[in-house]
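**Student:** here is the input, now give the coordinates:
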Amino acid sequence: MSLVGEYDSAKDTAARLIKRKGQLGAIRRTVTTGGGPSDPTGGSTATNDYPARLALFPVSQKDVDGTFIKAGDWRVLVSTEGLTIDPTTTDRLVTSEGVLTIIEPGKFAPSGTVTHYSMVARK
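**Tutor:** Predicted coordinates for the structure are as follows:
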């Protein structure tokens, strides 16, 4: 089996576990177009929710450093299955805990194949 095949298997496993233990949610992306000095209208803003399967876990107290990771933050695992965008820090997560800000949109991508996202988010 090639390494790519092994990571495809890891991707399938991650998707299955997040589906079993997680929830349906969304990645909310707001995009502003136009505006600026040459556009007196100010441009336009569009917000889209991209469906995502995710699992939320409270950040362990031992991981709280008070700067990057704070008390009340969440570790969020997001499946790549059906996801059509790569999450960024300008996106939000729509979850059962409310709308969360993505602090660190880490991706787990051994050998270039994204198996899932493991991120830190907060209210």
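
**Student:** can we go C-alpha only for contacts and neighbour counts from here?
**Tutor:** OK.

**Student:** would you mark the buried spots in stretch 14-25?
**Tutor:** Residues of stretch 14-25 classed as buried by neighbour count (16 or more other CA atoms under 10 Å): 14-15, 18-19, 22-23, 25.

**Student:** let me see the ranges of the helices in the protein.
**Tutor:** Using DSSP state H, the helices found in the chain span residues 3-21.

**Student:** where in it is pLDDT low?
**Tutor:** Low-confidence segments of the chain (pLDDT under 70): 1-7.

**Student:** can you give me phi and psi for the most centrally placed residue in it?
**Tutor:** The centroid of the chain falls nearest to P87 when counting by CA atoms, centre = their mean (4.7 Å). Backbone torsions of P87, given as degrees, to the nearest 10, read phi -60, psi 150.

**Student:** repeat for the one 10 residues further on
**Tutor:** Geometry field for E97 lists phi and psi as phi -90, psi 0, criterion degrees, to the nearest 10.

**Student:** number of residues surrounding the nearest residue to the residue nearest to the centre of the chain once chain neighbours are set aside?
**Tutor:** Closest residue to P87 apart from its sequence neighbours, by CA to CA, 6 or more residues apart in numbering: P105 at 6.1 Å. Around P105 there are 20 other residues, counting by other CA atoms under 10 Å.

**Student:** one step back: need the buried residues of stretch 14-25 in TSV (columns: distance to D91).
**Tutor:** Output for the buried residues of stretch 14-25, formatted as TSV (distance: CA to CA, whole Å):
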residue	distance to D91
A14	22
A15	21
I18	20
K19	21
G22	20
Q23	18
G25	13
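
**Student:** pull the most distant pair out of those residues.
**Tutor:** Within the buried residues of stretch 14-25, A14 and G25 form the most distant pair, 16.4 Å apart (CA to CA).

**Student:** what angle do whichever strand in the chain runs longest and helix 3-21 make?
**Tutor:** Criterion DSSP state E: the longest strand present in the chain is strand 44-58. Here the directions of strand 44-58 and helix 3-21 differ by 80 degrees (axes from the mean of the first three to the mean of the last three CA atoms, to 10 degrees).

**Student:** can you list contacts of strand 44-58?
**Tutor:** If you take CA atoms under 8 Å, 6 or more residues apart in numbering as the criterion, strand 44-58 is touched by 18-19, 21-35, 72-85.
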